[in-house]
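J.: With the sequence up front, the predicted model follows.
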Amino acid sequence: MYCVQCGTRNEEQYKFCVHCGAKLVQPIVPVPTAISGITNWKIGDKIEGRYEIYNIKKGGMGVVFLCYDHEERIPVAIKTLQDQFSTNKDDIDRFTWEAETWVRLEKHKNIVRAFYVKNISQRPYIFLEFVAGHKLYGSDLSGWIWMNGLDLELTLSFAIQFCLGMEHAEKKFKEMGRPFVHRDIKPSNIMITQDKTVKVTDLGLVKAFAGLKGDVVIGKNKDEVTGAERYGLSKVGSVCGTPPYMSPEQWLNSESVDTRSDIYSFGCVLYEMLTGQPPFICTTSDDFMSQHLKTKPGPPRKLASAVPKRLSLLTMKCLEKDPAKRHQDFRILREELSEIYLRQTGKRTKTDESPQELEESDYINKGYSLDNLGRPREAIVSYDMALQINPMSAVAWNDKGVALGNLGGQERAIDCYDKALEANPRYAEAWYNKGNSLNDIGRHEEATGCYDSALKLNPRLIDAWNNKGVALSNLAGELMR
């Protein structure tokens, strides 16, 4: 039997896990040598009569169904291989093994949590934490870069959180007696939640993709929310990765890579966070290979003068061609980033490796996901749980207001926005949302003032400009009567 909670396999006669005590589920059944295609599921269908599909995303070699679990009453992401990459038993077994390894990483706030692997219609699916992301910047780091949503403090915070997630993964893999290399560090594999928590995703799965038979070349695709351009994972011979972010050794011999390869890839990501562009801009895979192997990029400070010298040097150290000259692990990298963060902000970063099982951010993200799935009443319950932990959580009050507004309770929503603004008067989104609620109940002049407050804090809030125009038009209409 297979444990939902910790991933441990148990003897079939047991009903509860001998390791953590959680309830067991049926074991994964053997996969036949011929694999049928994915059931023709579409948005609105229920997988196994239980998981209602809210959205479907294809990227790289996988497909993800974003669902609502009607039994557990929670949002969940369900991932598997696309049909063309699931043609034989070896591919399926490899995906299953790597997915189960991800489950064994257990809970860490900076890793997308993998709950369990289940076989459906003769194919393994990995059940994952649902990360809804931010409504302006999307669900991953690429949107934040593309939409210019990063400042220096946020860039450092995201970088430090990423390192913490990688440290945890490395530690858990070591406990399993396995070396850990992600192999595909890039902005689209760094998820960002509504409250700006970083969560690394696709832990271990790239190794499964690398073992697929035949070559697979995937070009750019655009994010449906932000329009951000993303490069897909590609495999040519024994070389597997995403070209703009691949280390020199990844191009030469992907089997010999170690943690320092991931540090190089993250150096490429950090470079892009600081400058708005990756270290190398090329049109072909061969050009990328040549640049990564032979060319030293200009320092970030040269492209963005506001980048501190020490941070620019740190980024360039990550990008050294010789792995021996880079930071040797993510702990060392994180400690240096934390020192820069302290110097720039005067604040210390949290480095607790074992967060509480249920945190404020867990409830906020669950609530936000539920509201995105059209379940505002259940979302409000989650926000109330977050507010029990932190009654001054501006994000929880704001998001609860949105959920109440979705139910038509605009007056109650306004009260929530006021509490959010009491906790954080510079919360542009709360001013914007309050303006929307005031507009909906005919208080157009007050709504205009709220939009002005939002735009003073963030002139890029395009919807605030639009809705302010609507409010002014409504106000003019009232004056003409």
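T.: Happy to help now that I have it. Numbers count the residues shown, from 1 in each chain.

J.: Which strands and helices lie in contact with the helix or strand hosting residue 371?
T.: Using DSSP states H and E, residue 371 sits in helix 360-372. Judged by 3 or more CB pairs under 8 Å, 6 or more residues apart in numbering; DSSP states H and E, helix 360-372 is in contact with strand 74-81, helix 376-389, helix 394-406. Quick note: C-beta positions are derived from backbone N, CA and C, even for glycine.

J.: Can I get it in PDB, CA atoms only?
T.: This file holds the C-alpha atoms of helix 360-372, laid out as PDB (Å, rounded to 0.1, in the frame of the first residue of the first chain):
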ATOM      1  CA  GLU A 360      -1.200  31.700   7.500                       C
ATOM      2  CA  SER A 361       0.100  31.500   3.900                       C
ATOM      3  CA  ASP A 362      -1.300  28.000   3.500                       C
ATOM      4  CA  TYR A 363      -4.800  29.200   4.300                       C
ATOM      5  CA  ILE A 364      -4.500  32.300   2.100                       C
ATOM      6  CA  ASN A 365      -3.300  30.300  -0.900                       C
ATOM      7  CA  LYS A 366      -6.000  27.700  -0.400                       C
ATOM      8  CA  GLY A 367      -8.600  30.400  -0.100                       C
ATOM      9  CA  TYR A 368      -7.300  32.200  -3.200                       C
ATOM     10  CA  SER A 369      -7.300  28.900  -5.200                       C
ATOM     11  CA  LEU A 370     -10.900  28.100  -4.100                       C
ATOM     12  CA  ASP A 371     -12.100  31.600  -5.100                       C
ATOM     13  CA  ASN A 372     -10.400  31.100  -8.500                       C
END
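
J.: In it, which residues are buried?
T.: By 16 or more other CB atoms under 10 Å, the buried positions in helix 360-372 come out as 360-372.

J.: same check, this time on stretch 393-404
T.: Those buried within stretch 393-404 under the rule 16+ other CB under 10 Å are 393-404.

J.: Rebuild the residues you listed as CSV, extending it with distance to residue 58.
T.: Output for the buried residues of stretch 393-404, formatted as CSV (distance: CB to CB, whole Å):
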residue, distance to residue 58
393, 35
394, 35
395, 30
396, 33
397, 36
398, 32
399, 29
400, 33
401, 34
402, 29
403, 29
404, 34
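
J.: which SS class is residue 413?
T.: Judged by DSSP: H, G, I helix; E, B strand; the rest coil, the three-state class of residue 413 is helix.

J.: Distance-wise, check it relative to residue 387.
T.: Distance, residue 413 to residue 387, using CB to CB, to the nearest Å: 15 Å.

J.: Settle it for me: which of the two has more neighbours?
T.: Relative neighbour count places residue 413 above the other of residue 413 and residue 387, with 26 against 19, counting by other CB atoms under 10 Å.

J.: Would you check how far apart that one and residue 431 are?
T.: Counting by CB to CB, the separation of residue 413 from residue 431 is 13 Å.

J.: any chance you could map the helices in the stretch 51-200 of the chain?
T.: For the stretch 51-200 of the chain, the helices defined by DSSP state H, counting those that start in this stretch cover 89-103, 141-146, 152-175.

J.: what's the most buried one of those helices?
T.: Ranked by mean neighbour count under mean count of other CB atoms under 10 Å, those are led by helix 141-146, which reaches a mean of 23.

J.: Run through the stretch 351-481 of the chain and note the low-pLDDT ranges.
T.: Scanning the stretch 351-481 of the chain with the threshold set as pLDDT under 70 gives 351-358, 373, 481.

J.: Show the low-confidence segments of this protein, by residue range.
T.: Low-confidence segments of the chain (pLDDT under 70): 1-39, 59-60, 84-88, 208-238, 254, 351-358, 373, 481.

J.: Any chance of CSV for the helices and strands packed on helix 360-372, columns distance to residue 255?
T.: Shown next, in CSV, are these (distance: least, CB to CB, whole Å):
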stretch, distance to residue 255
strand 74-81, 21
helix 376-389, 44
helix 394-406, 44
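
J.: Of all those, which one comes closest to residue 170?
T.: strand 74-81 (22.4 Å; CB to CB).

J.: any idea of the angle the closest one forms with helix 376-389?
T.: Put simply, strand 74-81 runs at 110 degrees to helix 376-389, going by axes from the mean of the first three to the mean of the last three CA atoms, to 10 degrees.

J.: dump the residue contacts of residue 282.
T.: The neighbours of residue 282, taking CB atoms under 8 Å, 6 or more residues apart in numbering as the test, are 243-244, 288, 291.

J.: er, residue 414 I mean
T.: 401, 434, 437-438.

J.: Just among those residues, which is most surrounded?
T.: Counting neighbours by other CB under 10 Å, the top entry in those is residue 434, with 30 neighbours.

J.: I'd like to check what contacts stretch 334-347. Which residues are they?
T.: Contacts to stretch 334-347, defined as CB under 8 Å, 6+ apart, come from residues 152-153, 156-157, 159-160, 163-164, 167, 308, 310-311, 314, 327, 348-349, 351.

J.: Give me the buried positions along it.
T.: So, applying 16+ other CB under 10 Å, buried residues of stretch 334-347: 334, 336-338, 340-341.

J.: Can I get it in PDB, CA atoms only?
T.: Taking Å, rounded to 0.1, in the frame of the first residue of the first chain, the C-alpha atoms of stretch 334-347 are listed here in PDB:
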ATOM      1  CA  ARG A 334      21.700  31.600   0.300                       C
ATOM      2  CA  GLU A 335      23.900  32.900   3.200                       C
ATOM      3  CA  GLU A 336      25.600  35.400   0.900                       C
ATOM      4  CA  LEU A 337      22.300  36.500  -0.600                       C
ATOM      5  CA  SER A 338      21.000  36.900   3.000                       C
ATOM      6  CA  GLU A 339      23.900  39.200   3.900                       C
ATOM      7  CA  ILE A 340      23.200  41.300   0.800                       C
ATOM      8  CA  TYR A 341      19.500  41.400   1.700                       C
ATOM      9  CA  LEU A 342      20.300  42.600   5.300                       C
ATOM     10  CA  ARG A 343      22.600  45.300   4.000                       C
ATOM     11  CA  GLN A 344      20.100  46.600   1.400                       C
ATOM     12  CA  THR A 345      16.900  46.400   3.600                       C
ATOM     13  CA  GLY A 346      18.000  46.300   7.200                       C
ATOM     14  CA  LYS A 347      15.900  43.200   7.600                       C
END
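
J.: mind checking how far it is from the chain centre?
T.: In terms of CA atoms, centre = their mean, to the nearest Å, the centre of stretch 334-347 is found 23 Å from the chain centre.

J.: now do stretch 105-118
T.: The answer for stretch 105-118 is 13 Å, by CA atoms, centre = their mean.

J.: quick one: buried residues of that stretch?
T.: By neighbour count on 16+ other CB under 10 Å, the buried set for stretch 105-118 is 105, 107-118.

J.: I'd like those written out as JSON lines, with distance to residue 131 added.
T.: Converted to JSON lines, these look like this (distance: CB to CB, whole Å):
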{"residue": "105", "distance to residue 131": "16"}
{"residue": "107", "distance to residue 131": "14"}
{"residue": "108", "distance to residue 131": "14"}
{"residue": "109", "distance to residue 131": "12"}
{"residue": "110", "distance to residue 131": "12"}
{"residue": "111", "distance to residue 131": "11"}
{"residue": "112", "distance to residue 131": "6"}
{"residue": "113", "distance to residue 131": "10"}
{"residue": "114", "distance to residue 131": "12"}
{"residue": "115", "distance to residue 131": "13"}
{"residue": "116", "distance to residue 131": "17"}
{"residue": "117", "distance to residue 131": "19"}
{"residue": "118", "distance to residue 131": "20"}
